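Novice: Here is my input; please provide its structure:
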Amino acid sequence: MANTFNIPNPVSPRSIGSNLVSPFDLETDRLIEASRARTNFNVDGSGLAVAVLDTGLRVTHKCFTNRVIAVRNFTLDDEGNSEKVTDFIGHGTNVTGIIAAGTQDERRGIAPKANIIALKIAPAPSIGPVFQALQWVYDNTERLNITVANLSIAASGFNYKDDKQAQIDFPEYARLLDGLMAKRVAVVAAAGNGYFQHQEEGMSLPAIFRQSIAVGAVYDASFGSRSYPDGAVANSTHADQITPYSQR
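Specialist: Numbering: from 1, shown residues only. A predicted model of the protein is given here:
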């Protein structure tokens with residue numbers, strides 16, 4: 001398939017700044033009550049590792065000090081150097097911050113003591129790097145104690161109603177996701193941002209596969225009305241409201 005695999009569009013202008021880790025992580029933390037979960041269940045990610053499949057990572061950021069235990073580049077950026085995951089876009093660094101930023105101020109992630117594995121899969125002209133990165137996760141699960149693979153990006157142009165056709169089109173992905181599920185690795189994937197384009201229910205890849213956990217986009221507070229470059233419009237907004245562009 002020729003569909004590109006890039007960061008979701010539209011991206012909130014709040015999500016990428018000069019620090020490459022959002023100062024609004026505290027709002028996300030409050031929205032899903034992560035701090036309450038950390039307290040009630042005494043969990044903070046210690047001893048576990050999350051593989052973030054995205055646009056790379058600013059590995060020197062203070063929020064990730066001493067916790068980036070592996071990196072791998074599956075794109076042509078940095079002349080295809082597999083050991084360099086330079087984040088030229090900022091999306092991957094921001095996502096990793098939401099998941100696992102470790103400072104004590106507002107830049108605190110959901111699992112602030114988890115180890116981090118940066119797997120750069122985008123931008124890319126095909127979805128091939130996604131499969132390669134997921135295969136890498138499968139091959140290294142036990143060695144690095146990986147428990148989650150996060151893909152906050154989706155393949156453009158896809159809007160599967162269910163995973164039957166996706167299983168036919170991409171059987172190798174289905175088999176690999178089966179294997180990751182058997183290893184108890186949770187694969188969390190963006191549902192996609194093409195709802196306004198398609199005007200009907202459905203999800204992108206790999207979120208449509210039932211072996212993954214699909215995540216749509218919601219607002220974390222009330223911002224009034226919002227409009228986006230693809231034409232999607234929200235006349236009003238509130239916390240937990242699904243965005244008008246999020247596939248579902």
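
Novice: what's the host helix or strand of residue 173 packed up against?
Specialist: Using DSSP states H and E, residue 173 sits in helix 171-182. Judged by 3 or more Cβ pairs under 8 Å, 6 or more residues apart in numbering; DSSP states H and E, the packing partners of helix 171-182 are helix 128-144, helix 163-169, strand 186-190. Backbone N, C-alpha and C define where each C-beta goes, glycine included.

Novice: can we see that at 10 Å?
Specialist: Counting contacts by 3 or more Cβ pairs under 10 Å, 6 or more residues apart in numbering; DSSP states H and E, helix 171-182 is packed against helix 128-144, strand 146-151, helix 163-169, strand 186-190.

Novice: Could you check how far the longest one is from the centre of its chain?
Specialist: Taking Cα atoms, centre = their mean, to the nearest Å, one finds the center of helix 128-144 at 15 Å from the center of the full chain.

Novice: Same check on the last one?
Specialist: Taking the mean of its C-alpha atoms, strand 186-190 sits 7 Å from the chain's own mean (Cα atoms, centre = their mean).

Novice: same thing with the third one?
Specialist: Once both centres are worked out by Cα atoms, centre = their mean, helix 163-169 turns out to sit 22 Å from its chain's centre.

Novice: so which of the helices and strands packed on helix 171-182 is the most packed in?
Specialist: Per-stretch averages of neighbours, counted by mean count of other Cβ atoms under 10 Å, single out strand 146-151 among those, with a mean of 24.

Novice: circling back to that earlier point, columns distance to residue 233 and mean pLDDT on top of the helices and strands packed on helix 171-182, output as CSV?
Specialist: Formatted as CSV, those follow (distance: least, Cβ to Cβ, whole Å; pLDDT from 0 to 100):
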stretch, distance to residue 233, mean pLDDT
helix 128-144, 30, 97
strand 146-151, 27, 98
helix 163-169, 29, 96
strand 186-190, 21, 98
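
Novice: any chance of those in CSV, with distance to residue 178 too?
Specialist: Shown next, in CSV, are the helices and strands packed on helix 171-182 (distance: least, Cβ to Cβ, whole Å):
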stretch, distance to residue 178
helix 128-144, 10
strand 146-151, 14
helix 163-169, 10
strand 186-190, 11
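
Novice: could you give the angle of the helix holding residue 173 to strand 146-151?
Specialist: Going by axes from the mean of the first three to the mean of the last three Cα atoms, to 10 degrees, helix 171-182 is angled at 140 degrees with respect to strand 146-151.

Novice: mind checking how far the residue positioned nearest the centre of the chain is from residue 171?
Specialist: Note on the chain: the residue nearest the mean C-alpha position is residue 152, at 2.1 Å, using Cα atoms, centre = their mean. Noted for residue 152: a distance of 25 Å to residue 171, by Cβ to Cβ, to the nearest Å.

Novice: Same question for residue 198.
Specialist: Using Cβ to Cβ, one gets 24 Å for the distance from residue 198 to residue 171.

Novice: what does residue 121 give?
Specialist: Distance, residue 121 to residue 171, using Cβ to Cβ: 20 Å.

Novice: okay, the two: which has more neighbours?
Specialist: Applying other Cβ atoms under 10 Å to residue 121 and residue 171 shows that residue 121 carries more neighbours, namely 28 against 10.
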